[in-house]
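**Q** A predicted structure for the sequence below; I have some questions about it.
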Amino acid sequence: MSNTDRIIRLKTVLARTGLSRSTIYRKIADGTFPAQIRISVHGAGWRESSIERWMADPVSYREERAGSHAQ
């Protein structure tokens, strides 16, 4: 694997994962797929490393939610 962490767009995520667009967004809502990051006012993408981590173990992947830890 590469050490670079590129931002990849939806078309690339669809091709790499084999999931449909609706399945990706449902899994994001469930916390079982990496969430998008905003890259501009009208654009968003995914960190390539997050998609690779999901692909390595899609069954047990859980998104770490910001603010989900108690202080």
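**A** Arrived safely.
**Q** tell me where this protein has helices.
**A** Ranges of helices in the chain, per DSSP state H, are 10-17, 21-30, 48-56.
**Q** tell me what angle the longest one forms with helix 48-56.
**A** Pointing back at helix 21-30 there. Using axes from the mean of the first three to the mean of the last three Cα atoms, to 10 degrees, one finds that helix 21-30 and helix 48-56 are set 100 degrees apart in direction.
**Q** okay, Arg53 and Thr12: tell me how far apart.
**A** To Thr12, Arg53 is 16 Å away according to Cβ to Cβ, to the nearest Å. (Glycine included, C-beta is placed from N, CA and C.)
**Q** then Phe33?
**A** 14 Å.
**Q** ok, the residue lying closest to Ile7 once chain neighbours are set aside - contacts?
**A** Leaving aside its sequence neighbours, Ile7 sits nearest to Gly45 (Cβ to Cβ, 6 or more residues apart in numbering; 4.1 Å). Going by Cβ atoms under 8 Å, 6 or more residues apart in numbering, Gly45 touches Ile7, Ile8, Arg9, Leu10, Gln36, Ile37, Ile39.
**Q** if we go to 6 Å?
**A** Going by Cβ atoms under 6 Å, 6 or more residues apart in numbering, Gly45 touches Ile7, Ile8, Arg9, Ile39.
**Q** now Ala35
**A** Applying Cβ under 6 Å, 6+ apart to Ala35 gives the contacts Ile28.
**Q** and it, backbone torsions?
**A** For Ala35, the backbone dihedrals are phi -80, psi 150 (criterion: degrees, to the nearest 10).
**Q** read off the pLDDT value for the residue nearest to Ile7.
**A** Note for Gly45: predicted pLDDT of 97.
**Q** spatially, what comes nearest to Phe33 if we skip its sequence neighbours?
**A** Nearest non-adjacent residue to Phe33, counting by Cβ to Cβ, 6+ apart: Lys27, 3.5 Å away.
**Q** thank you, goodbye.
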